[in-house]
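[1] Here is my input, please return the structure:
(one chain, ligands or ions: 2)
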Amino acid sequence: MHAVHHQPGWIRRYIFSTDHKVIGIQFLFTTLLMLMVGGALALGVRWQLAWPWERMPILGDMLFRTDGGQITPEAYTMLFTMHATVMIFLVVIPILAGAFGNFLIPLQIGAEDMAFPTLNMLSYWFMWPAIGCFMLSFAYDGGPAAGWTIYPVLAVLPQAAPGSGFAQTLWLFGLTFVGFSSMFGSINYMTTIINMRAPGMTLFRMPMTIWGMFITAILQAFALPVLTAAGFMMLADRMLGTTFFIPGGLVVNNAPATVGGGQPLMWQHLFWFYSHPAVYIMLLPAMGMVSDMLACMSRKPLFGYKPMIFSMATIAGLGFIVWGHHMFTSGMNPIVGMTFMVSTILIALPSAIKTFNWIGTMWGGKLQFNTVLLNCAAFVSMFITGGLSGIFMAAVPVDVYIHDTYFIVAHFHYILFGSTLFGIFAAIHFWFPKMFGRMMSDRLGQIHFFITFAAFNCTFFPMHLLGIGGMPRRYADPYHFPYLEHLLPLNQFMTYAAIVMGFAQFILLFNFGWSIFFGKKCGRNPWNSNGLEWQAPSPPPHGNFDVQPVVYHGPYEYSSPVSGENDFLPQTEYMPRRPDQSQGH
Ligand code: HEM
Ligand SMILES: [Cu+2]
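    Ligands and ions are numbered 1, 2, ... in the order given. Now for the predicted structure:
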């Protein structure tokens with residue numbers, strides 16, 4: 001199907017490669033590295049909440065020497081700001097779209113590569129200036145500290161707080177670079193999925209992974225420009241003297257009153273107009289991948305394929321009209337609040353359809369109890385938990401009480417860690433054989449899963465209780481308030497669990513690194529799966545397939561009566577008519 005590819009040099013092949021598989025794996029390595037950085041920052045946050053104002057062992061003397069080895073309140077603010085920044089912008093978004101999107105899209109639709117390979121390469125390389133800006137920002141006054149939501153005026157006026165100086169400017173540049181990276185990816189994914197599908201790969205024969213990536217790319221393309229523009233406006237406020245977000249007459253830190261007629265609230269609107277859709281950017285690809293893996297590991301067709309697609313599209317559409325649920329307590333008109341409340345609660349409907357369909361897929365299936373299935377099941381159950389707390393918060397009267405408490409932190413960790421990250425763990429184990437031609441150890445995978453799953457729930461479930469008990473998020477010392485003092489032991493328990501969870505990730509990294517070199521070699525289709533990617537060699541060569549694949553049916557023909565003694569039927573195999581249909585009645 002394609003001419004013999006010339007062999008480019010080592011640098012063009014592995015560093016500045018335009019091959020979607022190499023770029024995907026580059027994204028994977030980079031984001032796994034960033035996962036460790038983000039995890040370390042989180043442990044810093046947990047240390048402070050468990051043992052506030054105590055000398056931190058080993059690291060404390062290195063990092064906070066002038067403060068007696070203690071985390072300072074400014075440093076605490078920086079820690080949670082950068083933890084969220086790293087996890088959202090350098091781990092979850094790029095691992096889903098950048099790593100798995102890149103690796104899987106061309107393979108699953110039967111294409112040789114992406115539509116714009118050079119743009120694809122740039123999308124990876126724009127991550128590095130972003131990482132550079134974010135990391136460099138630590139060097140200025142201890143790092144940016146306005147939270148990942150960078151609300152004005154804290155984030156706009158350099159005199160507002162120590163971290164609001166040059167560190168915040170660097171943060172905004174970092175955000176701009178990841179924004180470019182994501183946008184390059186989105187354009188590529190949309191074009192590739194629309195234009196480069198193999199013969200026979202109609203839209204409704206595409207695996208759910210592709211649907212997830214496709215809908216995410218569209219979401220990204222519509223939502224991201226708003227954030228980018230808002231980011232430029234804030235940069236202009238900081239550097240060029242505009243006052244988009246700066247109100248007049250404000251006195252901050254005894255400095256002279258600010259001049260300006262801007263609106264700090266406008267930032268919140270623009271930010272959440274991007275960042276609510278962004279939470280689906282952080283979820284839909286994982287939903288897609290889990291749907292594919294669950295069908296394979298249950299040896300059953302995906303329950304309700306089209307409803308699954310339509311619910312994803314509905315979630316994405318509704319995602320654009322719910323941003324105000326982050327601002328219920330900002331003084332909005334109750335009628336507006338009610339509108340946002342209703343639209344938000346509506347999202348529970350398509351979410352529930354998806355949940356029931358995943359359970360329906362597993363129901364009565366021949367469940368293969370391996371690392372992949374376990375992580376997928378965790379994805380589904382943690383999504384239910386996180387979704388339920390979402391409905392609580394969506395109700396205005398409830399949210400007025402729990403807004404900005406640890407309840408919120410519980411909610412989004414159940415969704416982002418409990419579901420997305422477990423989905424990613426599953427995807428790593430599932431597609432690793434295709435990436436490297438070897439299997440990861442299932443035993444190590446299961447050990448990693450059980451420790452992480454137990455520790456995850458011990459760390460995050462109590463956050464619901466803290467929130468209902470009134471513990472605010474983002475306070476360096478909540479125990480300063482007598483009504484929160486009794487929460488200290490629970491916080492210490494959570495920190496122990498978080499430390500166990502952090503160390504358990506070394507099992508994953510070890511399994512990953514070891515298996516690249518010493519894992520059991522595998523053939524093309526170790527999971528007996530139907531997707532096109534399993535028809536290519538493991539790992540696929542440059543250009544992917546040895547013959548142009550032709551698609552005859554959807555990817556979920558598991559245990560079908562027509563598949564003969566195999567319980568699966570690859571998309572490239574012709575599907576004979578069912579015996580009852582051939583009778584002609
Ligand atoms: C049934 C679906 C969901 C509902 C009803 C829902 C509702 C909400 C509401 C009302 C808030 C704001 C609470 C407050 O700050 O007072 C919120 C916060 C949040 N949600 Fe959800 N949510 C849902 C699903 C999701 C999903 C799927 C994700 C991510 C993949 C997610 C991620 C977040 C994040 C990150 C925040 C906090 C942002 C911050 O303040 O830093 N949510 N959610
Ligand atoms: Cu939201």
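
[2] Not counting residues beside it along the chain, what's closest to Ala426?
    In this structure, Ala426 finds its nearest non-sequential neighbour in Asn375, 3.5 Å apart by C-beta to C-beta, 6 or more residues apart in numbering. Where you see a C-beta, it was placed from the backbone N, CA and C, and this is true even at glycine.

[3] swap in Leu532?
    Leu532's closest residue in space is Gly110 (C-beta to C-beta, 6+ apart), at 4.8 Å.

[4] and that neighbour, what does it touch?
    Arg197, Ala198, Met201, Leu532, Phe545, Gln548, Pro549, Val551 (C-beta atoms under 8 Å, 6 or more residues apart in numbering).

[5] Give me the pLDDT value at it.
    Looking at Gly110, its pLDDT is 97.

[6] Quick check: the gap between it and Phe545.
    7 Å (C-beta to C-beta, to the nearest Å).

[7] Next: Met36.
    Taking C-beta to C-beta, one finds Met36 at 35 Å from Phe545.

[8] Pick out whichever of those two has more residues nearby.
    Taking other C-beta atoms under 10 Å, Met36 and Phe545 do not tie; Phe545 has more neighbours (22 against 15).

[9] Mind listing the shared neighbours of Gly110 and Phe545?
    With C-beta under 8 Å, 6+ apart as the test, Gly110 and Phe545 both reach Leu532.

[10] would you list every one of the helices in the stretch 401-550 of the chain?
    406-413, 422-436, 442-468, 488-518 (DSSP state H, counting those that start in this stretch).

[11] Quick check: which of those is buried the most?
    Of all those, helix 422-436 has the most neighbours on average by mean count of other C-beta atoms under 10 Å, namely a mean of 25.

[12] mean confidence score for it?
    98.

[13] residues in the stretch 351-500 of the chain within reach of ligand 1, list them.
    Counting by C-beta under 6 Å from any ligand atom, the stretch 351-500 of the chain comes close to ligand 1 at 351, 387, 390-391, 393-394, 399, 403, 408, 411-412, 415-416.

[14] The helices of the stretch 401-550 of the chain: which one's closest to Thr118?
    Checking the helices of the stretch 401-550 of the chain against Thr118 by C-beta to C-beta gives helix 422-436 as the closest, at 22.1 Å.

[15] Tell me the gap between the closest one and the middle of its chain.
    15 Å (C-alpha atoms, centre = their mean, to the nearest Å).

[16] what's the distance between the residue nearest to Ala426 and ligand 1?
    According to C-beta to the nearest ligand atom, to the nearest Å, Asn375 stands 17 Å off from ligand 1.

[17] Now do the buried residues in whichever strand or helix holds that residue.
    Per DSSP states H and E, Asn375 falls inside helix 371-394. Using 16 or more other C-beta atoms under 10 Å as the test for burial, helix 371-394 gives 371-387, 389-390, 392-394.

[18] relative orientation of that helix and helix 406-413 in degrees?
    Interaxial angle, helix 371-394 versus helix 406-413 (axes from the mean of the first three to the mean of the last three C-alpha atoms, to 10 degrees): 140 degrees.

[19] Put the alpha carbons of helix 371-394 into PDB.
    C-alpha atoms of helix 371-394 as PDB (Å, rounded to 0.1, in the frame of the first residue of the first chain):
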ATOM      1  CA  THR A 371      -5.000  -6.300  35.400                       C
ATOM      2  CA  VAL A 372      -6.800  -4.700  32.500                       C
ATOM      3  CA  LEU A 373     -10.300  -5.800  33.700                       C
ATOM      4  CA  LEU A 374      -9.600  -4.900  37.300                       C
ATOM      5  CA  ASN A 375      -8.600  -1.400  36.400                       C
ATOM      6  CA  CYS A 376     -11.600  -1.000  34.100                       C
ATOM      7  CA  ALA A 377     -13.900  -2.100  36.800                       C
ATOM      8  CA  ALA A 378     -12.300   0.400  39.100                       C
ATOM      9  CA  PHE A 379     -12.900   3.000  36.400                       C
ATOM     10  CA  VAL A 380     -16.600   2.300  36.300                       C
ATOM     11  CA  SER A 381     -17.200   2.100  40.100                       C
ATOM     12  CA  MET A 382     -15.100   5.200  40.900                       C
ATOM     13  CA  PHE A 383     -16.900   7.100  38.200                       C
ATOM     14  CA  ILE A 384     -20.200   6.200  39.800                       C
ATOM     15  CA  THR A 385     -18.900   7.500  43.100                       C
ATOM     16  CA  GLY A 386     -17.500  10.700  41.700                       C
ATOM     17  CA  GLY A 387     -20.600  11.300  39.500                       C
ATOM     18  CA  LEU A 388     -22.900  10.900  42.500                       C
ATOM     19  CA  SER A 389     -21.000  13.500  44.500                       C
ATOM     20  CA  GLY A 390     -21.200  15.700  41.400                       C
ATOM     21  CA  ILE A 391     -25.000  15.700  41.600                       C
ATOM     22  CA  PHE A 392     -24.800  16.800  45.300                       C
ATOM     23  CA  MET A 393     -22.700  19.800  44.400                       C
ATOM     24  CA  ALA A 394     -24.800  20.600  41.400                       C
END
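
[20] starting at the chain centroid, how far to it?
    14 Å.

[21] One more: stretch 138-155?
    For stretch 138-155 - counting by C-alpha atoms, centre = their mean - the centre lies 22 Å from the chain centre.

[22] And it, end to end?
    Between the opening and closing residues of stretch 138-155 there is a gap of 15 Å (C-alpha to C-alpha, to the nearest Å).

[23] Which single residue of the stretch 351-500 of the chain ends up nearest ligand 1?
    Gly390 (2.6 Å; C-beta to the nearest ligand atom).

[24] Could you check what's spatially nearest to that residue, not counting adjacent residues?
    Using C-beta to C-beta, 6+ apart, the closest residue to Gly390 is His411 (5.9 Å).

[25] what's the one you found in contact with, if anything?
    Per C-beta under 8 Å, 6+ apart, neighbours of His411: Gly386, Ser389, Gly390, Met393.

[26] SS state for Asp141?
    Three-state call for Asp141 (DSSP: H, G, I helix; E, B strand; the rest coil): coil.

[27] what's the helix or strand for Met135?
    Using DSSP H and E, Met135 falls in helix 127-137.

[28] Now do the buried residues in that helix.
    Going by 16+ other C-beta under 10 Å, helix 127-137 has these buried residues: Met127, Pro129, Ala130, Ile131, Cys133, Phe134, Met135, Leu136, Ser137.

[29] which residue sits closest to the first one, ignoring its sequence neighbours?
    This means Met127. Ser181 (5.3 Å).

[30] what about that neighbour, how many residues close to it?
    25.

[31] got it, and Thr176?
    19.

[32] out of everything not next to it in sequence, what's closest to it?
    In this structure, Thr176 finds its nearest non-sequential neighbour in Gly231, 5.7 Å apart by C-beta to C-beta, 6+ apart.
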